[in-house]
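**Q** starting from these lines, generate the structure:
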Amino acid sequence: MNLLQRRALISVAVTVGAVLALAVLAGQYVVRTHLWGLERLEEIEPRYARLLGLRDAGAQLEESLKQARAALPRLGHTADRDAAQVGNDLQQLARRALQTAGLSVTSSQVLPPRGEAGFERIGVTLQAEGALSGVQVALAALQAETPRIAFDSLLLQSTGRFAEDGSPVVSCRLTVAVLRLQS
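**A** Residues are numbered from 1 along each chain as shown. Sure thing, here's the model as predicted:
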């Protein structure tokens, strides 16, 4: 084998080696990209399944949304009503319920609205005095109101006196609230 043949053989071997090295690098790139794609698919698959589930449950969701919107007037006030007016109405309603039950209201105050998950919670604090049976009647009357009235707190203290029906006279501090949809 002469020098020229050797150089040609080395040249061919180097060229084949370089082509093989490029093929190996290209193969590695393809395998790495494929594995990255599989990882991305594994990440995306649960999201995609949730979206398909939402699409398939679209009619049910629409029906539930209609029911929720229909229930809103029973559970809270709409956003078109002013928060101050809702507070004043709640104050008058609570005072009337306590007075109708035979309690004497000594004070009442509308509390500032508090934000709560898309709603404003509008509260009223009332102080009254009267027979324990009257407190029970007033609480039952307030509970039956629509939109729903929530009882945030109730503090009863005995005054040491008794009413005409024999039930103890208590001092009552009551905080009630209603929800109003935020605008």
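**Q** low pLDDT regions in this structure?
**A** Per-residue confidence of the chain (counting by pLDDT under 70) places the weak regions at 1, 183.
**Q** max-length helix in it?
**A** If you go by DSSP state H, the chain has its longest helix at helix 3-56.
**Q** next structured bit after it?
**A** Taking DSSP states H and E as the definition, the helix or strand that follows helix 3-56 towards the C-terminus is helix 58-75.
**Q** can you give me the buried ones in that next one?
**A** Applying a neighbour-count criterion of 16 or more other Cβ atoms under 10 Å, one finds residue 72 buried in helix 58-75. To be clear about C-beta, it is placed using only N, CA and C from the backbone, and glycine gets the same treatment.
**Q** residue 98 sits in which helix or strand?
**A** Element membership for residue 98, per DSSP H and E: helix 83-100.
**Q** any buried residues in that helix, and which?
**A** By neighbour count with 16+ other Cβ under 10 Å, helix 83-100 contains the buried residues 83, 86-87, 89-91, 93-95, 97-98.
**Q** can you check stretch 115-133 too?
**A** By neighbour count on 16+ other Cβ under 10 Å, the buried set for stretch 115-133 is 119-133.
**Q** in helices, which of these appear?
**A** If you go by DSSP H, the buried residues of stretch 115-133 have 132-133 in helices.
**Q** which of the buried residues of stretch 115-133 lies closest to residue 172?
**A** Within the set of the buried residues of stretch 115-133, residue 128 lies nearest residue 172; the separation is 4.9 Å, counting by Cβ to Cβ.
**Q** pretty sure the closest one contacts residue 105?
**A** Yes. Checked against Cβ atoms under 8 Å, the pair residue 128 and residue 105 is within contact range at 4.7 Å.
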